[in-house]
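Participant: give me the fold of what follows.
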Amino acid sequence: MIEKIALDNILFLDIETVPEIENFTELDPVKQELFATKTQYQRKEDFTPEEFYERAGIWAEFGKIICISVGYFTLKSDIRHFRVTSFFGEESKILKDFSNLLNNHFSQPQHLLCGHNAKEFDFPFIARRMLIHGIQIPQKLNLFGKKPWEVPHLDTMELWKFGDYKTFTSLKLLTNVLGIPSPKDDIDGSEVGKVYYIDKDIDRIITYCEKDVIAVAQIFLKMRREDLLIEEEIIHV
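Facilitator: Predicted coordinates:
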């Protein structure tokens, strides 16, 4: 029962990713061939590997993390706050800083990680990129040998499925149907690569990522039938 989970034991998170190398032509021939093979099923005959390369950020083998945003509740008597912060810069530093956060503040048995579609995307992507960079994977992300009920992960998309394995529900759709206010100034996820490489506007991406973290927390509150966060309760640090 998610109502029994202490809110301040949960770290809510979201990541933004882009192709690791800006242009397909900058990949060495071996990597180009590997990308072509990896994406063959998704591309079919509709796209060449180069045309499809703008989507490379969804695979940890060809993408990189440019932002990890996190949020967590602080509860003191009847005062509730949701603190939001982000890690950005060089990917190795992002991953090390995030690892330090987990190891120092969210490593106890009662601590949980929560995201939207995070079991399929965010959590494994972070772990794979850590492995690529030679960074030790924190226990909260290292699932080797864990039984399903021992995995310390929550996923709002999985909670919404109620056992239905056929359904994919976007964060945007879920906030809409649950009556959660959604900012109108968000960039689309497909635009992140352009905003990063062409516009070089990491601040816009950070804002977008942090809004998604807040949305995940709002969905979780809604699923517990609790009051949604108001602007005064959200603190950016």
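
Participant: which residues of this structure fall in strands?
Facilitator: Secondary structure of the chain (DSSP state E): strands at 10-19, 63-76, 79-88, 112-115, 153-155, 234-236.

Participant: neighbouring contacts of the helix or strand bottoming out on mean pLDDT in the chain?
Facilitator: One helix or strand of the chain scores below all others by mean pLDDT, DSSP states H and E: helix 40-43, with a mean of 90. By Cβ atoms under 8 Å, 6 or more residues apart in numbering, the surrounding residues in contact with helix 40-43 are P49, F52, R55. C-beta coordinates here come from the backbone N, C-alpha and C atoms, glycine included.

Participant: what packs against the longest helix along the chain?
Facilitator: In terms of residue count, the longest helix belonging to the chain (DSSP state H) is helix 202-223. The elements that helix 202-223 packs onto, with contact taken as 3 or more Cβ pairs under 8 Å, 6 or more residues apart in numbering; DSSP states H and E, are strand 10-19, strand 63-76, strand 79-88, strand 112-115, helix 156-161, helix 171-177, helix 192-197.

Participant: list the neighbouring strands of the longest one plus their orientation.
Facilitator: With DSSP bridges as the test, strand 63-76 is paired with strand 10-19 (antiparallel), strand 79-88 (antiparallel).

Participant: of those, which is nearest K31?
Facilitator: Closest to K31 of those is strand 10-19 (Cβ to Cβ; 11.2 Å).

Participant: which positions within that closest one qualify as buried?
Facilitator: By neighbour count with 16 or more other Cβ atoms under 10 Å, strand 10-19 contains the buried residues I10, L11, F12, L13, D14, I15, E16, T17, V18, P19.

Participant: next one: the residue nearest to the fifth one when sequence neighbours are not counted from A127, what distance?
Facilitator: Sequence neighbours aside, D212 is the residue nearest to D14 in space, at 4.2 Å (criterion: Cβ to Cβ, 6 or more residues apart in numbering). The spacing between D212 and A127, counted by Cβ to Cβ, to the nearest Å, is 20 Å.

Participant: between the strands of the chain, which gets nearest to L27?
Facilitator: When these are compared by Cβ to Cβ, strand 10-19 sits nearest L27, at 9.3 Å.

Participant: coming back round to it: the longest helix of the chain versus strand 79-88: what angle between them?
Facilitator: Angle, helix 202-223 to strand 79-88, by axes from the mean of the first three to the mean of the last three Cα atoms, to 10 degrees: 140 degrees.

Participant: now do helix 202-223: distance to the chain's middle.
Facilitator: In terms of Cα atoms, centre = their mean, to the nearest Å, the centre of helix 202-223 is set 10 Å apart from its chain centre.

Participant: if anything else comes up later, I'll come back, but that's it for now.
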